[in-house]
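Student: coords please:
(2 chains)
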Amino acid sequence: MKTRFGIWLLLCLLLGLLAWLGFSRPGAIQTDLLALLPATESHPRAEEAVAALAHQGERRSLYLLAAPSRAEARAAGAQFAAQLDDAKVYRAVRYTLPTPPLAKLIASLLPYRFGLLSEADRAALLSGNNAPFEQALMRRLYSPLATGLATPLAQDPYGLLARFIESRPWLMGGLHLDEGVLATERNGQHYVLISAELSGSAFDDELQQRVQAAVDSAEALLARTQPAATLLRLGAIHYGAAARAQAESEMSVIGTGSGLGIAVLMLLVFRALRELLLSYLPVLIGIATGATACVWVFGHIHVLTLVFGASLIGVAVDYPLHYFVARLAAGSHWQAERGLKQIGPGITLGLLASLLGYGGLLFAPFSVLQQIALYSTAGLIAAWASTVLALPLLLKTPSRAGTALLRVPERILALAQQHLSGPRLWLLFALLGLLCLPGLYRLKANDDVHLLVSLPPALKAQEAQIRALAGGGAGNQFFLVEGRSAAEVLEREEALRRRLDGLISSGTLATYSALSRFVPSPARQAEDRALSATLLNETGRAHLAELGFAPPVLEALASEQANSSAPLTPAIWLNTPFADSVRALWLGEKDGRYASIVLPGAYQEGAALRAAAVPGTHFIDKTASVSRLFTRYRQQASWLVGLAFAAVLGLLMFRYGARRGLLAMSPSLIAVACALAVLGLIGLPLTLFNIIALMLVLGIGIDYAIFMLEGGEHGAATLLAVSLSALTTVLSFGLLALSATPALQTFGLSVLVGIAVAHTLTPLIRGRG
Amino acid sequence: MKYLALVLCLLSQTAAAFDTQQLGQTLTQSPYLQARFTQEKSIAAMSRPLKTEGQLMLARDAGVLWQIEKPYTIAYFLSAEQLIEFADGQKTVQDAAKLPWLKQVSTVMNALLAGDTVRLATLFELRLSGSAAHWQLSLVPKKPELAYVITRIELQGAAQIEAMQLIEASGDKTAIRFSAITTPIAQPAALNGLVSTKP
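Tutor: Next up is the predicted model:
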């Protein structure tokens, strides 16, 4: 006994060391809600595109200040930006846009100007209408004041390049530049935009806290100085911070609730503080082991796993519970070793059943599920080991609580045997089964990936508002355009864009981002070069000479036009600092093929967008793909559960005979049916997570049956232990059902109902003599 | 007697020494301004300077109608909201939404012609020399987006602005002379339909 205790102590020290090392690393706790999604796309570059877009968006935060007047909005914006800047949590805070070095922009495009025409100029030249160009030139020559973006007159007399630059989509759809600030106005409210870049990852918990603190204090100052102004925010860092805060609060609710519940139970039943404290020991070791295992195997632990893990308290406490109850029942005849031998087979079988239940998840290609599986299996093994290795030494003395409490289970068992045995029992089971039918009928499946996340409604509302005003889309649906060369990609983009422009004019789509809007395809540039040549050919130059252009200037123009045929390419454009807004859209070359992204802005129906795809372009919808994957998993998992039921039934029948085997199985079967029926009656959907919950219910329900069947003459004690363990499990998972994350909510509810039903029906198993 | 003459002389000098504020007050008294102009633009790319002649009509704080008569007929109406071009009997309207620089340019133009030194002082560094009888005002842009286009503006005048030179960043120079300057009380007919009548 002492050696075993020594071994356990050593293991605990090792655990402590590993835990400390594991969690002291930054990023050990992961709050990125959708980053752990499995790869779903069949197109080789689609996942790369999803990652590129996610990465580009991850570090950016947008803040919109709203106020009833333009002056107030600007004042609020300036103040907020200054506060954020002072807090030094962002690498860059942009409120007033610096004047772009126009000279540099013009210089970088000048060599390619003959092939770069604005849409309006192109249309005018195609229709042979030269009037607008004449007018522009006259205005340039004769108007009293210099107007607009001025390209050098000698090189661009008709201002073609100037109009090309002016007509590029430099800004997001809904905003315009108002004296250096991005602003808009809607429904009597004035808005100004501040954008900020993080210096680190949006999912770094320390950075999250600092940003949150800075934003909160800036907002508080705003409330004092500009009460009429409101702040809207959008950024991965806010969702991450909200997720962490929610997880922390849920973990503490579940942890405290379960801890207190166990405490009350222990004190009521065992009347001593010792059992209470000792019961926490395997539980805490179990949780610590589970978390440490995750951090070491995966490199981090997701908050979803942590919240789920808190509910493991209710299951891990089963092992010490059985031991305590055995001790209680033995009264003054207690011997630690013998007691362990008595409950040993039961709790070991129970552990194996749970491991089987969770273990299946280890093979799921979805890393959060794998984490939950590892957390649970490691945690339960550690709790079991602590019970087996440490508790005997610490519980050598007999229990001081009387065996009076055992009379209740004894009575229940007697009643069950008396009134509910034989055919009546089967009738009861059949009746219960029938009662479940209405609920089962109403049950509907829902595999939407959004059930995995719970975005705070306030943040979601602000995001929706900002997107509506700025015209940007959510970024999780886009077109992947690919081809054999950069030129082919750009041409395909242009073909796609013609369809998208149609959607814009019909109002289905607000706007879109595409690299080809800044870098036309070489074919298009060649067409435009031919068009602009009609203005600058011999006749054109003669006309300019009449107007007064100096001959050397016209000669230089002629020779430059003749010699410049190289088009503007993505590589050249992306090398300039002006390409920031489209940089993430160009995926470049890989394995001999080129790809880019066309990113739609706000739109009404995904179906219309999907239909706009042209050959060589693919509409990618990551969230829909994952939802489809979940559907597949759910269907596979359902089969697995069915198979598991059959296998366990076979085992039970093999060990206990056909009738007893079926009897032992019945509580679990009815528990599963009831859990599903309750879901259907309440209107909650059936998801992949419910199927996993049902695996758990099956595992635990079979545990109870096995305990009762193996309990022999200790029936009452076993029933008491099973009851206590059911109570703690129900409490933990019941608290999990209060989570704001829908997936965890349905999981908790399914287990709650399942275990409650399984437990209620368990005494009936002993009903057969 | 000599002393009195000296004192009177000194007094008149003090009265004559004036600042941009006084200049502004002298100039921006009337809501409308009508004048003839001759403009000469020296552009590096051109072999000879471009000359135009015509008539301008200013509605203070509203807009300016610039009617070129020689060497050909074209007119521009410039306001903060629109740029309208009158050519060959055709009227082309472009709004501020299409021309993001319109608001700033028309504000500067209007302020220059109206002699609104208060508004000019927010956009330019002003240096005034001379007296009320004959003054020169030099304007250097404060903001970089304006300095990108204009290096310096010079104004000269007496009771009204008589001449203006614009030196652009590209090196091009524009010199305008004004004559037959009148300040009507009522809105000139040509402005009807373009500018709402001032109360």
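
Student: quick one: B:S138 from B:T174, how far?
Tutor: 16 Å (Cβ to Cβ, to the nearest Å). Every residue, glycine included, has its C-beta placed from N, CA and C.

Student: quick check on the two: which one has the bigger neighbour count.
Tutor: More crowded of B:S138 and B:T174, by other Cβ atoms under 10 Å in any protein chain shown: B:T174, with 22 against 16.

Student: quick one: the strands in chain B, in order.
Tutor: B:32-42, B:50-59, B:63-70, B:74-79, B:82-87, B:90-95, B:124-130, B:135-141, B:150-157, B:161-168, B:173-182 (DSSP state E).

Student: kindly report the same for chain A.
Tutor: Using DSSP E, the strands of chain A run over A:29-30, A:60-67, A:90-94, A:176-178, A:181-186, A:189-198, A:230-235, A:301-302, A:477-483, A:512-513, A:586-590, A:593-600, A:617-621.

Student: between those, which one is closest to chain B.
Tutor: Checking the strands of chain A against chain B by Cβ to the nearest Cβ gives strand A:176-178 as the closest, at 6.5 Å.

Student: now check the closest one, is it near chain B?
Tutor: Yes. Residues of strand A:176-178 are located near chain B by Cβ under 8 Å from any Cβ of the partner chain, namely A:H176, A:L177.

Student: what lines up beside that strand in the sheet?
Tutor: strand A:181-186 (antiparallel) (DSSP bridges).

Student: list of residues touching the partner strand?
Tutor: Residues outside strand A:181-186 that contact it (Cβ atoms under 8 Å, 6 or more residues apart in numbering or on different chains): A:70, A:73-74, A:77, A:95-97, A:171-172, A:174-177, A:190-193, A:469-470.

Student: how about 6 Å then?
Tutor: A:T96, A:G174, A:L175, A:Y191, A:V192, A:L193, A:L469 (Cβ atoms under 6 Å, 6 or more residues apart in numbering or on different chains).

Student: lowest-confidence entry in these?
Tutor: Ranked by pLDDT, the contacts of strand A:181-186 bottom out at A:G174, which has 69.

Student: quick one: residues contacting the most centrally placed residue in chain B.
Tutor: For chain B, B:L113 is the residue whose C-alpha lies nearest the centre (Cα atoms, centre = their mean; 2.3 Å). If you count contacts by Cβ under 6 Å, 6+ apart, B:L113 has them with B:L58.

Student: how much space between it and A:A136?
Tutor: 24 Å.

Student: so for the closest residue to A:H55 other than its chain neighbours, what's the pLDDT?
Tutor: Nearest non-adjacent residue to A:H55, counting by Cβ to Cβ, 6 or more residues apart in numbering or on different chains: A:A584, 7.5 Å away. pLDDT for A:A584: 84.

Student: and what of A:L568?
Tutor: Looking at A:L568, the pLDDT reads 93.

Student: so what's A:A445 bridging to?
Tutor: A:L686.

Student: pretty sure it sits against A:L688.
Tutor: No. Between A:A445 and A:L688 there is no contact under Cβ atoms under 6 Å: 9.2 Å.

Student: list the contacts of A:R91.
Tutor: Contacts of A:R91 (Cβ under 6 Å, 6+ apart): A:E197, A:S199.

Student: then B:E81?
Tutor: Here B:E81 is in contact with B:A96 (Cβ under 6 Å, 6+ apart).

Student: chain A versus that one, what's the distance?
Tutor: 14 Å (Cβ to the nearest Cβ, to the nearest Å).

Student: for that residue, what are phi and psi?
Tutor: phi -100, psi -30 (degrees, to the nearest 10).

Student: what about it, distance to A:F549?
Tutor: Counting by Cβ to Cβ - B:E81 and A:F549 are separated by 33 Å.

Student: circling back: tell me which of A:A445 and A:L688 has more neighbours.
Tutor: Using other Cβ under 10 Å, the more surrounded residue of A:A445 and A:L688 is A:L688, with 27 against 15.

Student: count the residues that sit near the closest residue to chain B within the stretch 251-400 of chain A.
Tutor: Chain B sits closest to A:V303 of the stretch 251-400 of chain A, with a gap of 46.0 Å, by Cβ to the nearest Cβ. By other Cβ under 10 Å, 24 other residues sit near A:V303.

Student: show me what contacts it?
Tutor: A:T31, A:A243, A:A247.

Student: give me that answer again for 7 Å
Tutor: A:I29, A:Q30, A:T31, A:A243, A:R244, A:A247 (Cβ atoms under 7 Å, 6 or more residues apart in numbering or on different chains).

Student: read off the pLDDT value for it.
Tutor: pLDDT for A:V303: 81.

Student: what separates the nearest residue to it once chain neighbours are set aside from chain B, distance-wise?
Tutor: Nearest in space to A:V303, with sequence neighbours left out and distances taken as Cβ to Cβ, 6+ apart, is A:A247 at 3.7 Å. Distance from A:A247 to chain B, counting by Cβ to the nearest Cβ: 47 Å.

Student: pretty sure A:A247 sits against A:V307.
Tutor: Yes. A:A247 lies in contact with A:V307 (Cβ atoms under 7 Å); the separation is 5.3 Å.

Student: give me the residue from the stretch 201-350 of chain A nearest chain B.
Tutor: For the stretch 201-350 of chain A, Cβ to the nearest Cβ, closest residue to chain B: A:Q226, 24.1 Å.
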